[in-house]
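Undergrad: The amino acid sequence is not available; the structure is as follows:
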């Protein structure tokens, strides 16, 4: 794509561009079937919104334990003090008041796929005709890891603020050590982005400090050209990047990462653990891929292959698509469209497409980008990257930094407004 078309393409992805292959108008479902959505992130909130937007007769309930959503997208800009938490904090009022979504603030304690019932921590139960489960990620246990002392900051909110506080208090000449888990994990470029943002912060505010990156993977997983240049050129002498390093345990009091490549002492330690589907997925028997960590689905509808009438979208699904907010938004629309068609006695659309796009800040005024479009392949029954659709920046630029906010704000609005 040329620069102009790429910019407009990426700016539009948070909105209706994800529906380019869908019918413009969907018929309303008959007499109010019940859909319960678990999880109010980019996947769940989008699904609830578009179910009601496209088919107002549906009875849609969104169950989310938090009163507001704090986005992981742009959260690394909180770490270096460029934005405040209010910039990435969103309410559910619009979903309730404008679209008529019934928002319930509670945890889900159980799913009965036979009687099609959800049980809440309060003891209340919700019956459903279709259930969408979008709980995001869960962290696999790490011996000795105390998140109150060693933040993951991979879910936004207090953890991100804790990491910022620790970095602000770190003396000049100190060492920041961060671990990257084996793939798949939420937001493939995110850890490399964080390493760059922290290194840039150190250049100005903490001279002589080091960033040590312990990557469990064999190489940089996303935007390799951009991040390799950042580590080896832009932040040469600051970033020390290691591959194939597996975390074994943590001494949270002494801030030591204990790995198969030795022990790494930190002034500030940031451990991003290995990830699995949200707890309700695993506890309900929906984590049925080969690893037992993620939920297998039919990509035409995101219906679980383990239990009928349950759909899994966002980070918890096992389609091979990236685990990130933008594509979660796209998956939610495919799922909502399929559910409405099924309620109308039709079949899901046979050629759904999704798109993954992200911008990654590399400094206080430059960013990089990457995008790819996926389409259902009837021969393999999987979502596959469309040939020629992928693109990535080879350098970080000021223009991409400015575009990043347009992209993020479009995505935020498409999900929560």
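TA: Great, that's in hand. Because the structure is predicted, anything quoted here is derived from the model rather than measured. Residues are numbered from 1 along each chain as shown.
Undergrad: For the closest residue to residue 278 other than its chain neighbours, give me the backbone phi and psi.
TA: In space, residue 278 comes closest to residue 135 once its chain neighbours are excluded; the distance is 2.6 Å by C-beta to C-beta, 6 or more residues apart in numbering. Placement of C-beta: from N, CA and C, glycine included. Dihedral angles of residue 135 (phi, psi; degrees, to the nearest 10) stand at phi -90, psi 0.
Undergrad: show me what contacts residue 80?
TA: Going by C-beta atoms under 8 Å, 6 or more residues apart in numbering, residue 80 touches 164, 197, 198, 200, 201, 364.
Undergrad: rerun that using 10 Å as the cut-off
TA: Taking C-beta atoms under 10 Å, 6 or more residues apart in numbering, we find residue 80 in contact with 164, 167-168, 194, 196-202, 204-205, 361, 363-364.
Undergrad: And residue 313, by the same measure?
TA: 37, 39, 41-44, 46-47, 132-134, 295, 297, 302, 319, 327-336.
Undergrad: Mind jotting down where the helices sit in the protein?
TA: 3-12, 42-54, 76-79, 93-97, 158-169, 190-205, 224-229, 279-283, 325-343, 398-416 (DSSP state H).
Undergrad: Show me what the fourth one is in contact with.
TA: To tie it back to what came earlier, the one meant is helix 93-97. With C-beta under 10 Å, 6+ apart as the test, helix 93-97 has contacts from 37, 40, 45-46, 48-49, 52-53, 60, 62, 64, 68, 101-103, 413, 415-417.
Undergrad: Show me how to select, in ChimeraX, the buried members of the contacts of residue 80.
TA: The ChimeraX selection below is limited to those of these classed as buried (16 or more other C-beta atoms under 10 Å):
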select :164,167,194,196,197,198,199,200,201,202,361,363
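Undergrad: circling back to that earlier point, adding distance to residue 253 and mean pLDDT, write the helices of the chain out as a markdown table.
TA: Formatted as a markdown table, the helices of the chain follow (distance: least, C-beta to C-beta, whole Å; pLDDT from 0 to 100):
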| stretch | distance to residue 253 | mean pLDDT |
| --- | --- | --- |
| helix 3-12 | 44 | 45 |
| helix 42-54 | 36 | 98 |
| helix 76-79 | 23 | 97 |
| helix 93-97 | 42 | 98 |
| helix 158-169 | 14 | 98 |
| helix 190-205 | 22 | 98 |
| helix 224-229 | 32 | 97 |
| helix 279-283 | 27 | 97 |
| helix 325-343 | 34 | 98 |
| helix 398-416 | 37 | 98 |
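Undergrad: pretty sure residue 406 contacts residue 359?
TA: Yes - taking contacts as C-beta atoms under 10 Å, residue 406 lies within contact range of residue 359: 9.3 Å.
Undergrad: domain assignment for this structure?
TA: 3-138+275-416, 141-271 (automatic domain parsing).
Undergrad: quick one, which of residue 406 and residue 359 is more surrounded?
TA: Shown here are residue 406 and residue 359; by other C-beta atoms under 10 Å, residue 359 has more neighbours (27 against 16).
Undergrad: Distance of the nearest residue to that one once chain neighbours are set aside relative to residue 361?
TA: Closest residue in space to residue 359, ignoring its immediate chain neighbours: residue 404 at 3.6 Å, by C-beta to C-beta, 6+ apart. Using C-beta to C-beta, to the nearest Å, we find residue 404 at a distance of 7 Å from residue 361.
Undergrad: list residues touching both of these two?
TA: Here residue 404 and residue 361 have 74, 77, 367, 368 as joint contacts, going by C-beta under 10 Å, 6+ apart.
Undergrad: so who does the last one touch?
TA: With contact taken as C-beta under 10 Å, 6+ apart, residue 368 is in contact with 189, 192-193, 196, 222-223, 225-227, 229-230, 358-362, 392-397, 400-401, 404.
Undergrad: At the geometric centre of the protein, which residue do we find?
TA: Of all residues in the chain, the one closest to the mean position by C-alpha atoms, centre = their mean is residue 324, 3.1 Å from it.
Undergrad: I'd guessed that one sits against residue 354; true?
TA: No - contact criterion C-beta under 10 Å: residue 324 and residue 354 do not qualify, at 11.2 Å.
Undergrad: OK, contacts around residue 284?
TA: Residue 284 neighbours (C-beta under 10 Å, 6+ apart): 38, 108, 110-113, 118, 131, 133, 277, 295, 304, 306-307, 310.
Undergrad: Thanks again, I'm all set now.
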